[in-house]
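1. coords please:
(one chain, ligands or ions: 1)
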Amino acid sequence: MLRSCAARPRTLSALRAARGGAPRPARDPGPARRSFSTEKVIHKDHSLPNPSWSKDLRLLFDQFMKKCEDGSWKHLPSSECKVPQRIHSFKTYFLDSKPVKEDQLSQARPFTRSYEVGQGFEYAMFYNEDEKRTVCLFQGGPYLEGPPGFLHGGALATMIDTTLGVCTISCMGLFMTANLNINFKSPIPLCSVVVISSQLDKVEGRKVFVSCNVRSVDEKTLHSDATGLFIKLDPEKSLT
Ligand SMILES: CCCCCCCCCCCC(=O)SCCNC(=O)CCNC(=O)[C@H](O)C(C)(C)COP(=O)(O)OP(=O)(O)OC[C@H]1O[C@@H](n2cnc3c(N)ncnc32)[C@H](O)[C@@H]1OP(=O)(O)O
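-> Numbering: from 1, shown residues only. Coordinates of the predicted model:
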């Protein structure tokens with residue numbers, strides 16, 4: 001299991017104090033702030049094979065699971081399972097009660113995990129800490145159609161954004177996408193499998209620069225390449 005991607009964040013005032021900043025006067029809590037229960041909720045791990053996976057996806061998954069045997073690569077369970085602390089911290093420190101109503105939030109789920117099995121995003125992620133690389137094995141289902149018979153560019157952008165986001169996992173803190181530049185080189189046939197290979201290129205202060213390419217299973221077709229900039233969230237700054 002990857003070491004936690006963000007050391008357990010201390011309280012905000014402790015963070016500010018550690019910075020030598022005067023603790024900000026307690027903000028009017030306004031309406032009772034949402035308290036997020038931390039009771040253990042067992043989530044289904046969507047990153048494991050299911051009957052909708054093609055032979056290609058299963059073969060690649062098995063190949064990468066084999067690479068995990070010596071510890072160089074790690075299989076990442078689906079996000080709800082792997083970074084509950086990170087998600088909890090995000091909700092606690094950055095999700096102001098204003099923009100999202102309680103009842104709407106209670107129905108929230110990760111976009112890439114909100115389709116019936118096999119119809120949307122089927123994928124598994126693997127991470128190499130030493131090389132700061134993330135690989136995503138992705139099969140886009142029939143509900144992700146763009147041009148007839150091909151994957152929607154926005155669906156690919158979603159998986160690129162998610163895969164590049166995972167590249168920040170070795171950096172301390174919570175990150176959000178500030179910039180994503182994608183070249184679409186060759187359309188992806190719907191329901192086919194592609195490999196998104198990404199890496200962390202450099203870190204400058206709060207800025208993390210990442211990049212990736214998207215290739216067919218036989219590696220002969222370059223479908224896309226992309227760069228991204230992720231910014232570490234600053235607890236001193238409100239997101240909205
Ligand atoms: C949670 C676990 C879930 C785990 C599950 C994972 C789910 C996957 C989710 C994928 C990720 C997403 O989709 S995230 C959702 C999409 N992204 C968003 O909605 C973010 C919207 N934007 C923002 O909130 C803000 O712009 C931030 C937080 C990104 C940055 O704001 P900030 O913190 O005030 O930073 P700021 O001072 O403006 O900029 C800091 C430095 O970055 C530079 N900078 C800022 N933006 C840009 C930019 N677009 N292009 C170039 N450079 C930029 C500035 O010039 C500055 O450089 P210098 O002067 O220091 O040199």
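2. quick check: beta-bridge partners of residue 209?
-> Going by DSSP bridges, residue 209 is paired in beta bridges with residue 202, residue 229.
3. local confidence estimate at it?
-> Predicted confidence (pLDDT) for residue 209: 97.
4. contacting residues around it?
-> By CB atoms under 8 Å, 6 or more residues apart in numbering, the contact list for residue 209 reads 200-203, 227-229. No exception for glycine: its C-beta is placed from N, CA and C like everyone else's.
5. before we move on, what about residue 60?
-> 137, 193, 195, 217.
6. of all the contacts of residue 209, which two lie farthest apart?
-> Using CB to CB, the two most remote members of those are 203 and 227, lying 14.4 Å apart.
7. can you pull out the strands in this structure?
-> Remark: strands assigned in the chain by DSSP state E are 74-76, 121-128, 133-140, 175-184, 193-204, 207-216, 222-232.
8. please identify the deepest-packed of these.
-> Per residue and on average, the most neighbours among the strands of the chain fall to strand 133-140, with a mean of 24 (mean count of other CB atoms under 10 Å).
9. okay, that one in CSV with CA atoms only?
-> Provided in CSV are the C-alpha atoms of strand 133-140 (Å, rounded to 0.1, in the frame of the first residue of the first chain):
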residue,chain,number,x,y,z
ARG,A,133,5.3,7.0,-12.9
THR,A,134,1.6,6.1,-13.0
VAL,A,135,0.1,3.8,-15.6
CYS,A,136,-3.6,3.6,-16.2
LEU,A,137,-5.1,0.6,-18.2
PHE,A,138,-8.4,2.1,-19.6
GLN,A,139,-11.3,0.6,-21.5
GLY,A,140,-13.9,3.2,-22.5
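10. how far out from the middle of the chain is it?
-> Averaged C-alpha coordinates place strand 133-140 at 11 Å from its chain's average position (CA atoms, centre = their mean, to the nearest Å).
11. just checking, what packs against it?
-> With contacts taken as 3 or more CB pairs under 8 Å, 6 or more residues apart in numbering; DSSP states H and E, strand 133-140 sits against helix 55-67, strand 121-128, helix 153-166, strand 193-204.
12. ok, which of these comes nearest residue 89?
-> Across these, closest to residue 89 is helix 153-166 (CB to CB), at 15.2 Å.
13. which residues touch the closest one?
-> 76, 111-112, 121, 123, 125, 127, 134-136, 138, 140, 144, 146, 175, 177, 180, 182, 184, 188, 196, 198, 210-212, 214, 223-224, 226, 228, 230.
14. check contacts around residue 200.
-> Neighbouring residues of residue 200 by CB under 8 Å, 6+ apart: 132-133, 167-168, 170-171, 208-210.
15. please redo it, this time with the cut-off set to 10 Å
-> Counting by CB atoms under 10 Å, 6 or more residues apart in numbering, residue 200 makes contact with 131-134, 164, 166-171, 208-211, 230.
16. ok, and of these, which contact the ligand?
-> Among those, no residue lies close to the ligand (CB under 6 Å from any ligand atom).
17. identify the farthest-apart pair in those residues.
-> 131 and 230 (18.0 Å).
18. what about the nearest residue to residue 111 once chain neighbours are set aside, neighbour count?
-> Closest residue to residue 111 apart from its sequence neighbours, by CB to CB, 6 or more residues apart in numbering: residue 158 at 6.6 Å. Around residue 158 sit 18 other residues, with neighbours defined as other CB atoms under 10 Å.
19. read off the pLDDT value for residue 158.
-> Reported pLDDT for residue 158: 98.
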